[in-house]
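# 3D model of this:
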Amino acid sequence: MLSPNLGLEKLLLPKRTNSIKHSAVKSARLSYHILIMSTVAPPSIIDLRSDTVTRPTPAMRRAMAEAEVGDDVYAEDPTINRLQARAAEIFEREAALFFPSGSMANLTAIKTWTHHGSEVICEAQAHIYLYEMASISAIAGCMPNIVPAPGGILTWDLIAPHIRPHIYYRAQTALIELENSHNMHGGTVYPPEISNDICDRAHAAGLRVHLDGARIFNASVALGRSVADLTRKFDSVMFCLSKGLGAPVGSMLVGSREFIEKAHVTRKLLGGGMRQAGVLAAAGLIALEETPKLLHRDHENARHLAVGLAKIPGVAIDPKKVVTNILIFDVRGTGRTAADVVSELARRNVLSGATGEFTIRMVTHFDVDRAAIDRALAIIADVLAARATTRTAS
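Numbers count the residues shown, from 1 in each chain. Here you go, the predicted structure:
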């Protein structure tokens with residue numbers, strides 16, 4: 001679909017396509033660059049960096065253009081109010097609150113549940129720890145207490161030793177945070193019995209539990225359980241509209257009415273008060289109602305990609321562990337670094353992200369179909385085979 005502003009883009013940025021390609025070549029790590037800011041990605045580019053790169057669907061664009069709006073700081077934007085009510089209904093909670101980003105929503109939840117000097121227990125590769133600008137400490141004033149867990153799945157046995165004793169000269173544990181699905185462990189999902197057990201034991205110990213459910217709808221599809229069922233025992237839940245669900249902007253925080261009232265104050269403190277934000281909420285409503293039923297395609301494409309990658313010499317990945325739309329594979333067997341492979345793939349118009357010296361992340365989404373996955377696999381195999389041939393010849 002062409003952008004409604006394409007004429008203006010051509011007028012103001014006549015060399016945008018070349019700029020996009022040049023920027024993609026330079027980007028060897030998981031990063032945001034000009035391609036994400038383009039309203040029309042060149043069809044030849046297969047963008048597997050993240051599910052955040054999706055473009056609004058025609059239905060979303062129409063809804064945004066026609067959205068009924070008001071001033072949300074006065075709680076008078078009817079579209080925002082509908083989105084919040086619908087999110088609360090789907091998660092079977094008392095209330096919900098719209099945020100411009102998942103990071104702000106997570107920070108708001110942490111700040112609402114804790115005090116300066118508190119500790120927050122989270123998994124060692126949690127998004128709140130690695131990718132949210134240390135806001136948990138810089139703004140919420142908390143110390144992360146990180147716990148490594150196989151596959152990113154914490155259990156109570158792993159958590160319990162990290163809960164601080166009630167001694168006046170020790171920082172006190174205030175919150176436990178889980179992530180479902182787990183981004184940096186390749187989209188792994190929490191078995192409900194494990195997350196429920198953590199919540200039950202935490203509550204018995206007087207602790208709150210927050211869920212970073214940025215991709216909770218992916219977990220829901222993978223497990224065949226509703227998001228309400230999966231998240232019922234958490235004290236608060238954040239989920240993103242702008243990842244797999246495909247909206248251009250926005251995340252939601254759900255919980256009790258009392259919690260959301262406090263979170264509303266914190267959101268304003270953090271600069272999250274918005275005015276006629278219904279133009280964003282309109283797309284969010286479409287995403288919330290329509291996209292969950294399509295997520296199984298992204299999961300099928302991710303597994304197809306994983307099976308294909310596993311056949312490439314030097315690539316290590318277990319396709320059985322790919323259960324949602326994220327996969328991370330290892331290229332050390334090719335004798336090359338992840339940054340080198342990512343850079344060369346970008347030159348061939350396949351975009352991905354290095355997550356370590358030898359690991360690469362790819363994420364499927366509704367803007368990449370099965371045919372594009374097959375083209376990407378052919379390019380990846382060709383890129384790695386070319387280097388292998390060069391090494392053999394030398």
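# mind showing which ranges of the stretch 151-300 of the chain have poor pLDDT?
Within the stretch 151-300 of the chain, the set of residues satisfying pLDDT under 70 is empty.
# what ranges do the strands span in it?
173-179, 208-212, 236-240, 251-255 (DSSP state E, counting those that start in this stretch).
# out of those strands, which gets nearest to T54?
Closest to T54 of these is strand 236-240 (Cβ to Cβ; 11.6 Å). For glycine as for every other residue, the C-beta is placed from the backbone atoms N, C-alpha and C.
# just the angle between the closest one and strand 173-179, please?
Put simply, strand 236-240 runs at 30 degrees to strand 173-179, going by axes from the mean of the first three to the mean of the last three Cα atoms, to 10 degrees.
# pull the CA atoms of strand 236-240 into PDB?
Written as PDB, here are the backbone C-alpha positions of strand 236-240 (Å, rounded to 0.1, in the frame of the first residue of the first chain):
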ATOM      1  CA  SER A 236      -0.400  -5.600  36.800                       C
ATOM      2  CA  VAL A 237       0.200  -6.400  33.100                       C
ATOM      3  CA  MET A 238       1.700  -4.400  30.300                       C
ATOM      4  CA  PHE A 239       1.100  -5.400  26.700                       C
ATOM      5  CA  CYS A 240       2.100  -3.800  23.400                       C
END
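# for V69, see how far away A310 is.
Separation of A310 from V69 (Cβ to Cβ, to the nearest Å): 49 Å.
# do A204 as well
A204 is 45 Å from V69, by Cβ to Cβ.
# out of those two, which sits in the busier spot?
Set A204 next to V69 and count neighbours by other Cβ atoms under 10 Å: V69 wins out with 18 against 8.
# for the more buried one, which residues are in contact?
With contact taken as Cβ atoms under 8 Å, 6 or more residues apart in numbering, V69 is in contact with D77, P78, T79, Q276, A277, G278, V279.
# what number of residues lie near P313?
10.
# can you list phi and psi of it for me?
Phi and psi for P313, reported as degrees, to the nearest 10, are phi -60, psi 130.
# quick one: residues contacting it.
G333, T334, L384, A385, A388.
# tabulate the residues you listed in CSV, adding columns for neighbour count and secondary structure.
Below are the contacts of P313 laid out as CSV (neighbours: other Cβ atoms under 10 Å; DSSP: H, G, I helix; E, B strand; the rest coil):
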residue, neighbour count, secondary structure
G333, 13, helix
T334, 22, helix
L384, 23, helix
A385, 14, helix
A388, 16, helix
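# pick out the most distant pair among these.
Top of the distance list for the contacts of P313 (Cβ to Cβ): G333 and A385, 13.1 Å.
# of the strands of the stretch 151-300 of the chain, which is nearest V221?
Closest among those, using Cβ to Cβ: strand 236-240, at 13.2 Å.
# can you mark which positions in the closest one are buried?
S236, V237, M238, F239, C240 (16 or more other Cβ atoms under 10 Å).
# with stretch 163-179 instead?
Buried residues in stretch 163-179 (16+ other Cβ under 10 Å): I163, Q172, T173, A174, L175, I176, E177, L178, E179.
# which residues sit against it?
Under Cβ under 8 Å, 6+ apart, the answer for stretch 163-179 is 106, 110, 113-115, 117-123, 126-128, 142-143, 145, 152, 154, 159, 162, 190, 195, 198, 202, 205, 207-214, 234.
# check the offset of that stretch from the chain's centre.
Distance of stretch 163-179 from its chain centroid, counting by Cα atoms, centre = their mean, to the nearest Å, is 27 Å.
# where are the low-confidence patches of the stretch 1-150 of the chain?
In the stretch 1-150 of the chain, residues with pLDDT under 70: 1-43.
# all strands of it, in order?
Using DSSP E, counting those that start in this stretch, strands in the stretch 1-150 of the chain cover 46-47, 95-99, 119-123, 143-147.
# quick check: the two most widely separated of the buried residues of stretch 163-179?
Q172 and E179 (22.5 Å).
# circling back to that earlier point, which among the contacts of V69 end up buried?
Of those, these count as buried by 16+ other Cβ under 10 Å: D77, T79, Q276, A277, G278, V279.
# pretty sure the first one sits against V279.
Yep, that's D77 we're talking about. No: using Cβ atoms under 8 Å, D77 is not in contact with V279; the gap is 9.3 Å.
# contacting residues for I153?
H182, H185, T188, Y190, P191, I194.
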